[in-house]
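**Q** here is my input; please provide its structure:
(one chain, ligands or ions: 1)
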Amino acid sequence: MNDTAHLPDLPCYLNGEFTPLRDARVSVLDRGFIFGDGVYEVVPVYRGRPFRFAEHMARLDRSLGELRIANPMPHGKWRELVQELVDRYARAKGKPAAQTDQIVYLQVTRGVAIRDHVMPEGITPTVFAMTNQLYLYPDEVRARGVACVTADDFRWKKGHVKSISLAGAVLARQLSADEDAAETVMFRDGFLTEGSGSNIWVVKDGQVLGAPRDNLVLEGIRYGLLEELCQQQGIPFALRRVSRDEVLAADEILVSSATKEVLPCTTLDGKPVGNGRPGPIYQKLYAAYQQAKQAS
Ligand code: PDD
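**A** A predicted model of the protein is given here:
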């Protein structure tokens, strides 16, 4: 068995039971292990409460639907499971849940079966969930922004599925890690798709532009959120194909995800984005984002 003793003491949930993360075991024949045949969600939890949970459940349903896996639990049961995990983490840290910010990971795989590409019928999906402290980017990093690099989007054409088959994402992310950069901004056929684990937004002449909601991009929960925040702040917002030239000529570039929230990219392939500093649209959206968290 692989050594798991070095893993931190965190709670997790596996197929109906809460156990220490380091003790959780699944079969080697789990189709998640063999084929990457499953889906996941990453849910931020602020002050002990999941943020935008209904949107995560809707996306989980869409991803499961694409893989033809029936959701093993109704949304209400997922909500209970997440709250129990969040409470257990807080108890282990000796704090009230309301004093913790966490990041909850949920995963459903098709289940355990003898290896065969064809989808087996009648097997029980594997349900796994874990949580950890939510690490947010420190203010010093936000004040200067992060570096990103560009790459061709060599992933599959079902980017809208939040699939656990992430070798493409891992390869893409490593391209930026190799350059000490925070994210890889990808293009397919000369048009912006997304980051390896985030969505990318371009600001030009005061307008926020993002890639369309289609099969090439994972619709981050921040798609809806940023659109709302833009509306609230009177910032024009549009989803359409954005060319590589438009990205290179952006006034600002923003990166969004559960863990990055909204983050300014201030250098792209080593060149400054706009004036090379986090811009006014970023500042407005970040402030509005923090307010949305407080109000949640
Ligand atoms: N990644 N695009 C991709 C490919 C992603 O993997 C993610 C999230 C996003 C942003 O989605 P959201 O705003 O819902 O976090 C876009 C998560 C955080 C991860 O894999 O850890």
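
**Q** ok and the residue in the stretch 51-200 of the chain nearest the ligand?
**A** G197 (3.9 Å; Cβ to the nearest ligand atom). In this view, the C-beta of every residue, glycine as well, is placed from N, C-alpha and C.

**Q** okay, now that residue: neighbour count?
**A** Residues lying near G197 (other Cβ atoms under 10 Å) number 20.

**Q** and if you look at L171?
**A** 14.

**Q** in a helix, it, correct?
**A** Yes - judged by DSSP: H, G, I helix; E, B strand; the rest coil, L171 forms part of a helix.

**Q** quick one on the thing from earlier: quick one: residues contacting the residue of the stretch 51-200 of the chain closest to the ligand.
**A** Going by Cβ atoms under 8 Å, 6 or more residues apart in numbering, G197 touches A169, R173, E183, S257.

**Q** contacting residues for the third one?
**A** The reference is to E183. Contacts of E183 (Cβ under 8 Å, 6+ apart): V146, C148, R173, S176, G195, S196, G197, S198, I200, V255, K260, C265.

**Q** how about the residues of the stretch 101-250 of the chain near the ligand?
**A** A169, E194, G197, S198, N199, L218, G220, I221, R222 (Cβ under 6 Å from any ligand atom).

**Q** make it 8 Å
**A** Neighbours of the ligand within the stretch 101-250 of the chain, by Cβ under 8 Å from any ligand atom: 105, 159, 162, 166, 169, 194-199, 217-223, 225.

**Q** how many neighbouring residues does the residue in the stretch 151-296 of the chain that the ligand sits nearest to have?
**A** Nearest residue of the stretch 151-296 of the chain to the ligand, counting by Cβ to the nearest ligand atom: G220, 2.7 Å away. Residues lying near G220 (other Cβ under 10 Å) number 24.

**Q** same check on G276?
**A** Neighbour number of G276 under other Cβ under 10 Å is 12.

**Q** that's a helix at it, yeah?
**A** No - using three-state DSSP, the secondary structure at G276 is coil, not a helix.

**Q** what about it, distance to T150?
**A** 17 Å (Cβ to Cβ, to the nearest Å).

**Q** check D245 too.
**A** 12 Å.

**Q** which residues of the stretch 1-150 of the chain fall in strands?
**A** Taking DSSP state E, counting those that start in this stretch, the strands of the stretch 1-150 of the chain run over residues 11-14, 17-20, 38-46, 49-50, 102-109, 126-133, 146-152.
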